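Enquirer: have a look; sequence and predicted model below, questions after that.
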Amino acid sequence: MGFVRRKRLYIWEMELGGPPGGGEAIRSEYERHFSRATFIIDWYHASEHVWGCGKVLFGEGTGTSEEWVKERLSLLWDGWTKRLLDELGEEGKRYRGRRRQAVEDLRRYISVMGVSL
């Protein structure tokens, strides 16, 4: 990737906040302009999504929430993205309403972003 392209990407991300539309738009633009680059998501951002889902499912600051989050983050860290997606797919079936939506949102985020740490 040339210097000018990297500089434009940096300006686009840092000053403009990336394209509107969230993860799908970001992924699309990266693929359009940087098709040979490896797409990664920073650990902090990915873990925020996992923690957010855990809080909805089990409440903030609970031992159950912490255990659930640590198990899922471990799968991400170790590169078991497909396994995590499969588990979230099954887990989402056990919930209704807001909880199901939280699991589906996390699964979609991981799937769309192709999380690779």
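Expert: Right, received. Where do you want to start?

Enquirer: show me what counts as buried in stretch 105-115.
Expert: Neighbour counts over stretch 105-115 (16 or more other C-beta atoms under 10 Å) mark 105-107, 109-111, 113, 115 as buried. C-betas here are computed from N, CA, C, even on glycine.

Enquirer: tell me the mean pLDDT over it?
Expert: With pLDDT averaged residue by residue, stretch 105-115 scores 83.

Enquirer: which residues does the residue lying closest to Leu106 once chain neighbours are set aside contact?
Expert: With sequence-adjacent residues excluded and distances taken as C-beta to C-beta, 6 or more residues apart in numbering, Leu106 is closest to Cys53, at 4.2 Å. For Cys53, the contacting residues are 102-103, 105-106, by C-beta atoms under 8 Å, 6 or more residues apart in numbering.

Enquirer: ok, Cys53 to Lys93 distance?
Expert: For Cys53, the distance to Lys93 (C-beta to C-beta, to the nearest Å) stands at 15 Å.

Enquirer: so Ser28, which of the three states?
Expert: Assigned with DSSP: H, G, I helix; E, B strand; the rest coil, Ser28 falls in the helix class.

Enquirer: could you shift the numbering so residue one becomes 23, and keep it that way?
Expert: Renumbered: residue one is now 23, and that last one reads Ser50.

Enquirer: neighbours of it, just the number please.
Expert: 13 (other C-beta atoms under 10 Å).

Enquirer: give me the buried positions along stretch 116-127.
Expert: 121-122, 124-127.

Enquirer: and which of the residues you listed is nearest to Trp65?
Expert: Each of the buried residues of stretch 116-127 was scored against Trp65 by C-beta to C-beta, and Asp127 proved nearest at 18.9 Å.

Enquirer: leaving aside the residues adjacent along the chain, what's closest to that closest one?
Expert: Closest to Asp127 by C-beta to C-beta, 6+ apart is Cys75, at 7.1 Å.

Enquirer: one more: Leu110?
Expert: Using C-beta to C-beta, 6+ apart, the nearest residue to Leu110 is Arg129, at 4.2 Å.
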